[in-house]
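task: produce atomic coordinates for the following.
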Amino acid sequence: MNHDTNCSDKSALTPDAKGSKHDSLAFIAARDRAHLRLYPSIWGSNYLVLSNRRARMQAFFRNQTSVGKVLDVGAQYCPYYPLFEDKCESYSSMDLVDTPLVDIACNAEDMPVEDASFDLVLCTQVLEHCLHPQKIIDECFRVLKPGGSLIVTVPSIYPVHGYPADNWRFMPDGLRYLLRAFTTVEVQGELDFPESLCNVICLYGHVITGRMGRVGKMVNPVWDCMMNVCARILSMAFTPFARTTFTAFTVNLWAMARK
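Predicted coordinates:
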């Protein structure tokens, strides 16, 4: 993520109280867009990645009585906040673009945040867009309290998706290397092999439908739904014979690291 070098911090480097930002009209309006990331349509090509990530997030927060102070790096629409809003002491969002939803607008490679300020840091689908992934990971490590946790998701096998740039793809060993400063690191595939294979076929189909104009736009939802359903069926069929955290061929990676 090619962040601006000028930083704007509307929280004066202190996490906002939950009630202030999240009662704003701008935040409420953004909930619709965030809801689509939490509960994607089965008629969309991103259904498997987003729904699996939500399930993994829900499982994590379900087992937590409290998550303390949370920093969301690259938050954009803050889609995961509803999953832990009743369990966090405070929530601060950070992003490149300064919007009413962003508490700290800055380059995440140089966060204007004091050391050991947060108990949990989320960094989902950010590292592929930046110039120096290691710098962002190092900053996440710095701002975490001892014993704090970092949740990272990154693409492994996924098409170029732009804004503001798309620079990197990650393998499990490479992601572990980026997180080597942490005490414990667990890397899993967000999609298992059947889901990943179907998702790749689904996305490749868009290469063809993309050349079909208006007809292609009509075909896409049906094609996406077929591949998503096929993925779920194959995943259930093969689960008894394969690890669900299979990482050798997965569209996306999930990592949990503890400082």
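
tell me the pLDDT at M171?
Confidence at M171, expressed as pLDDT, is 95.

correction: K21
On the pLDDT scale, K21 is placed at 57.

need the three-state assignment for M57.
At M57, secondary structure determined by DSSP: H, G, I helix; E, B strand; the rest coil is helix.

number of nearby residues for it?
20 (other CB atoms under 10 Å). To be clear about C-beta, it is placed using only N, CA and C from the backbone, and glycine gets the same treatment.

now swap in E89 and tell me
14.

these two touch, right, it and F118?
No - counting by CB atoms under 8 Å, E89 stays clear of F118, with 9.9 Å between them.

in the stretch 1-150 of the chain, where is pLDDT below threshold?
Low-confidence segments of the stretch 1-150 of the chain, defined by pLDDT under 70: 1-24, 26-27.

for it, what spans make up the strands?
Applying DSSP state E, counting those that start in this stretch to the stretch 1-150 of the chain gives strands spanning 8-9, 68-73, 88-95, 104-105, 118-124, 144-155.

so which of those strands gets nearest A29?
strand 88-95 (15.1 Å; CB to CB).

circling back: mind putting the strands of the stretch 1-150 of the chain into CSV with distance to P82?
Listed next are the strands of the stretch 1-150 of the chain as CSV, based on distance: least, CB to CB, whole Å:
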stretch, distance to P82
strand 8-9, 24
strand 68-73, 12
strand 88-95, 11
strand 104-105, 21
strand 118-124, 13
strand 144-155, 16
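
among these, which is nearest V219?
The nearest among the strands of the stretch 1-150 of the chain, by CB to CB, is strand 144-155 at 24.9 Å.

sheet-wise, list the partners of that closest one with their directions.
Here strand 144-155 has these sheet partners by DSSP bridges: strand 118-124 (parallel), strand 252-258 (antiparallel).

out of the ones you listed, which is closest to E190?
E190 lies closest, by CB to CB, to one member of those: strand 252-258, at 4.0 Å.

buried ones in that closest one?
Under the neighbour-count criterion of 16 or more other CB atoms under 10 Å, strand 252-258 has 252-257 buried.

and the contacts of it?
Contacts made with strand 252-258 from outside it, assessed by CB atoms under 8 Å, 6 or more residues apart in numbering, are listed as 49, 53, 56, 60, 147-156, 158, 170, 172, 175-176, 179, 182-191, 247.

send the alpha carbons of that strand over as CSV?
Below are the C-alpha coordinates for strand 252-258, written out as CSV (Å, rounded to 0.1, in the frame of the first residue of the first chain):
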residue,chain,number,x,y,z
ASN,A,252,-5.7,-16.8,0.7
LEU,A,253,-3.7,-17.2,3.8
TRP,A,254,-4.7,-16.5,7.4
ALA,A,255,-2.0,-16.0,10.1
MET,A,256,-2.3,-15.5,13.9
ALA,A,257,0.8,-14.2,15.6
ARG,A,258,1.4,-13.5,19.3
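
now it: how far from the chain's centre is it?
Put simply, strand 252-258 sits 10 Å off its chain's centre (CA atoms, centre = their mean, to the nearest Å).

which ones are touching the residue nearest in space to the middle of the chain?
Centroid check for the chain by CA atoms, centre = their mean gives T124 as the closest residue, at 2.4 Å. Counting by CB under 8 Å, 6+ apart, T124 touches 53, 74, 80, 151-153.
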